[in-house]
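coords below, sequence missing:
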Ligand code: NAP
């Protein structure tokens, strides 16, 4: 489905990003596995992909840093000659009610989730324009659509990601480039592991399909959006939440 396409996946050492990178490689893409802190896990994923006959390389970059995001895209082009797909997946939470939320909790979440998305798009822009081809997939969240108590920073960042997605879709649509956002509900990763079993059970009550989400649920959606089968879909926000937000 993605044969010979070149993909950059941010935050791909673990969690949803890891599964996206692995899935894309399985569909034939050459993948740049970006990591920030998870070097070992990123390297192990590269080995895993290669052992399965695929192509991948790891590259360290903090997406919140403008110059590091630029270095990531330059590395991808130097390694594989082009960038067909960018998945802006890197993200963090620093949850608290506003009363207890520190300024740094707000700034860190905005800088990584929102500015990191801008930084990566900024540095892939010319490459995709020249190619007259590109697929940009941004990781939002149902929280960016619905809001959530204790997550004003995260909700603002993920709502902002939707704004970027729709704007960039309009900006680049005539150049063969699509931009879409995925809004996951509750997906089992380190990010959601912190929640108590009680909180997870309460969450299940609201999930129509009566199971928590798997990383593969997101990865397969991303693969479809990254493929040529989705060339007429742009500026959309696809909820992948098992009906949680119905
Ligand atoms: P996770 O398991 O906590 O993983 C977070 C990933 O983001 C890691 O790979 C981490 O890389 C990377 N990252 C964090 N800061 C970074 C930075 N400054 N530069 C580069 N990479 C950075 O989270 P997840 O659940 O897989 O979430 C992935 C995305 O989906 C996030 O954008 C998240 O907001 C979104 N999402 C998740 C859920 C859910 O239920 N899990 C729901 C809605 C949306 P390192 O470890 O290398 O630092």
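Arrived safely. What you see is a predicted model; the values in this text were computed from it and never measured. Numbers count the residues shown, from 1 in each chain.

Quick check, central residue of this structure?
residue 89 (1.9 Å; CA atoms, centre = their mean).

any idea how far that residue lies from the ligand?
5 Å (CB to the nearest ligand atom, to the nearest Å). Placement of C-beta: from N, CA and C, glycine included.

what about the closest residue to that residue other than its chain neighbours, which helix or strand?
The shortest distance from residue 89 to any non-neighbouring residue, by CB to CB, 6 or more residues apart in numbering, is to residue 17 (4.0 Å). Using DSSP states H and E, residue 17 maps to helix 15-26.

check whether that helix contacts the ligand.
Yes. Judged by CB under 6 Å from any ligand atom, helix 15-26 comes into contact with the ligand at 15, 16, 17.

Next, format these as TSV and append pLDDT and distance to residue 173.
Putting the residues of helix 15-26 next to the ligand into TSV (pLDDT from 0 to 100; distance: CB to CB, whole Å) gives the following:
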residue	pLDDT	distance to residue 173
15	98	30
16	98	26
17	98	26
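
Can you show me the helices along the protein?
15-26, 39-51, 66-80, 103-109, 116-131, 142-146, 152-172, 190-193, 197-205, 215-226 (DSSP state H).

and the shortest one, how far out from the chain's middle?
Put plainly, it is helix 190-193. 16 Å (CA atoms, centre = their mean, to the nearest Å).

tell me what it is packed against?
Helix 190-193 sits against no helix or strand, with contacts defined as 3 or more CB pairs under 8 Å, 6 or more residues apart in numbering; DSSP states H and E.

Contact residues of this structure facing the ligand?
10-11, 13-17, 34-38, 62-64, 89-92, 112, 139, 141, 184, 186-187, 189-192.

Narrow those to those in strands?
34, 35, 139, 184 (DSSP state E).

quick one: the second one and residue 9 touch, right?
No. Checked against CB atoms under 8 Å, the pair residue 35 and residue 9 is beyond contact range at 9.9 Å.

Residue 109 and residue 153 touch, don't they?
Yes. Residue 109 lies in contact with residue 153 (CB under 8 Å); the separation is 4.0 Å.

Find residues that contact each of these two.
residue 94 (CB atoms under 8 Å, 6 or more residues apart in numbering).

Extract the residue ranges of the protein that are flagged as low pLDDT.
The model of the chain has no residue with pLDDT under 70.

residue farthest from the centroid of it?
Per CA atoms, centre = their mean, the most distant residue from the centre of the chain is residue 99 (29.3 Å).

who's in contact with that residue?
Applying CB under 8 Å, 6+ apart, no residues contact residue 99.

Sounds good, over and out.
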